[in-house]
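Asker: got a sequence here, can you model it:
(chains A and B)
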Amino acid sequence: MTGIGRRLGRRPPKYSAAALVWRGMRGDYWPRIWRDTELKRSYDAVVIGGGVHGLATAYYLARNHGITNVAVVDKAYLGSGASGRNTAIVRANYLTPEGVAFYDRSLQLYNSMALDLNINVMMSERGHLTLAHTDAALRTMNWRAEVNKLQGVNSSVIGPDEIKKIAPALDTSDHPRYPILGALHHPPGGVVRHDAVVWGYARAADYMGVEMHQKTEVLDILCEGGDGPDGKGPGGKVVGVRTNRGDISTPVVVNCTAGWAGLISAMAGVRLPITTHPLQAAVTEPVKVFLPTVVVSGSLHVYISQTDRGELVFGAAVDAVANYSIRGSLEFTEELAGHVLELMPGISRMRLLRQWSGLCDMTPDYSPVMGFTPVDGFLVDVGWGTYGFKAAPVSGEQMAEAVATGRTPKLIAPFALSRFDSGELVGEKGAASVGH
Amino acid sequence: MLLVPCPNCGPRNSADLRYGGESHARPDPATATPQQWRGYLYLRDNPAGWLRENWYCRSGCRRWFALERNTATNEFRNPPAPGDKRGGKA
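Answerer: All right, here's what the predicted structure looks like:
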């Protein structure tokens, strides 16, 4: 049903109180928020991966560049990977100037997202505290604060007294084994409802004619003219994609996957500097809201935020061993509980509700790999490590520009795959929320 | 928890070992091109399946060795016998 009346404007219709009352009185069902269409034989571009990155890329292709003959394919359902498994934290307090400029733009797009997509993404600009427990960590916080200030990003280093005022639940005394010496305070940081971001992008992209194909697994990427077998590899160009629902011909394929990024790129004959590690997270039972801000401790390998429902959401470092199994472990729970109680002894009676795990693509310098590859028409937006969700809007915007113009936008030029040949790495490990 | 079959110490918790990543032959620094060397440094196969990896038994025998592990199921196969040269770091 490619309804002609559906694409009247650039923005999908509002979810409003009036519509709620109207539909409630008429007993109407809400319409599906994206269409379920037949897979066509040909598209102008195919985006692999139906998470926030893939959907944002498709959305900006349609909105900013008028390219609407686009398919987003996902082997499971939209938002089934890291987009639905992350801890929903957004921030721009990075360490490298390249990183700060990039994530600051992402934060701007998150701030205007509810208006742009006409969906409530529950953006909560609640502030972000990165705790320092050692002199070395405090030095890095000062470094980050100065880099941030130079680029107009609001960050400053504060002492234990001010931390106690912002988050009274934290133990700022000198009793713990690793006392809190200070923190990088970043007021624009916060949390967003990640599922709403996925649905918002899907709905808005669908409204402009982009097709979303779920349960469509990519089996191979068809290339010609390359050095490797079947015309793949450097020097070749993309001609199509083979899926479990048939072949599609397309001149452009954008790899927006996480976890499977290396496997998808190998289908085009491109090797990536990526290893896949699981990252575990957990959530507690809901209690009255007492933690008004996001708290991160790199030394203790934990980041904590409280949802509007009152659950505490915990994330940790990636597991040390490269792995594709999305499994939880007891070691994670034990370590997490120990570290959280060191920060907030008062919550020792709280119970964990559940834990889960998602896949992170780790690169050697903790920065992503974005843009063109040696295979013509094959673009990557991968290697997001633990930063993927916070970067989604700006990645989509920049990748769409790269696809539409055929040139690498300035903002993502430092993250090109070729940096591993030239040795110009963008070391972002110092701004990883937790030590890895 | 991952039970790692150390050829010298028997099954050990992975937390007792250091994970060394994919095991690739090191190109000869004297003859390798910069591109080959950077490929060795950075590029990875990262398969979802059987992979040969380096491990260091840091709280046991304190030796490096290579093991085959399935990255999707975490099974190990053909662990080298104690003192086996095959267990040497590739």
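Asker: so what's A:N111 scoring on pLDDT?
Answerer: With respect to pLDDT, A:N111 scores 95.
Asker: hang on, isn't it packed against A:S124?
Answerer: No - between A:N111 and A:S124 no contact is recorded; they are 11.1 Å apart, counting by C-beta atoms under 8 Å. Quick note: C-beta positions are derived from backbone N, CA and C, even for glycine.
Asker: what sits up against stretch A:175-185?
Answerer: Here stretch A:175-185 makes contact (C-beta atoms under 8 Å, 6 or more residues apart in numbering or on different chains) with A:93, A:127-135, A:137-138, A:141, A:144-145, A:155-160, A:162-163, A:166, A:170-173, A:299-300, A:342-343.
Asker: send the alpha carbons of stretch A:63-75 over as PDB?
Answerer: Extracted in PDB, the C-alpha atoms of stretch A:63-75 (Å, rounded to 0.1, in the frame of the first residue of the first chain):
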ATOM      1  CA  ARG A  63      15.100  14.400   3.800                       C
ATOM      2  CA  ASN A  64      18.300  16.200   3.000                       C
ATOM      3  CA  HIS A  65      19.100  14.900  -0.500                       C
ATOM      4  CA  GLY A  66      15.700  13.700  -1.900                       C
ATOM      5  CA  ILE A  67      17.000  10.100  -2.500                       C
ATOM      6  CA  THR A  68      14.000   8.000  -1.500                       C
ATOM      7  CA  ASN A  69      14.400   4.900  -3.600                       C
ATOM      8  CA  VAL A  70      16.200   3.300  -0.600                       C
ATOM      9  CA  ALA A  71      15.800   0.000   1.200                       C
ATOM     10  CA  VAL A  72      16.900  -0.600   4.800                       C
ATOM     11  CA  VAL A  73      17.400  -4.400   5.300                       C
ATOM     12  CA  ASP A  74      17.800  -6.100   8.600                       C
ATOM     13  CA  LYS A  75      18.000  -9.800   9.300                       C
END
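Asker: helix, strand, or coil at the spatially most central residue of chain B?
Answerer: The centre of chain B sits closest to B:N54, judged by C-alpha atoms, centre = their mean, with a distance of 1.6 Å. Using DSSP: H, G, I helix; E, B strand; the rest coil as the criterion, the local structure at B:N54 reads strand.
Asker: what is the burial count for the residue nearest to it when sequence neighbours are not counted?
Answerer: Ranked by C-beta to C-beta, 6 or more residues apart in numbering or on different chains and with sequence neighbours excluded, the top spatial neighbour of B:N54 is B:G20, at 3.1 Å. The tally of other residues near B:G20 (other C-beta atoms under 10 Å in any protein chain shown) stands at 14.
Asker: what sits against B:G20?
Answerer: B:G20 makes contact with B:53-56, B:64, B:89, according to C-beta under 8 Å, 6+ apart.
Asker: sort these by pLDDT and name the bottom one.
Answerer: Of all the contacts of B:G20, B:K89 has the smallest pLDDT value, namely 49.
Asker: among the contacts of B:G20, the buried ones, what's the ChimeraX command?
Answerer: Listed next is the ChimeraX selection for buried residues among these, using 16 or more other C-beta atoms under 10 Å in any protein chain shown:
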select /B:53,54,55,56,64
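Asker: would you tell me which helix is longest in chain A?
Answerer: helix A:388-405 (DSSP state H).
Asker: return the distance of it from the chain's centre.
Answerer: With C-alpha atoms, centre = their mean, to the nearest Å as the basis, helix A:388-405 stands 11 Å off its chain's centre.
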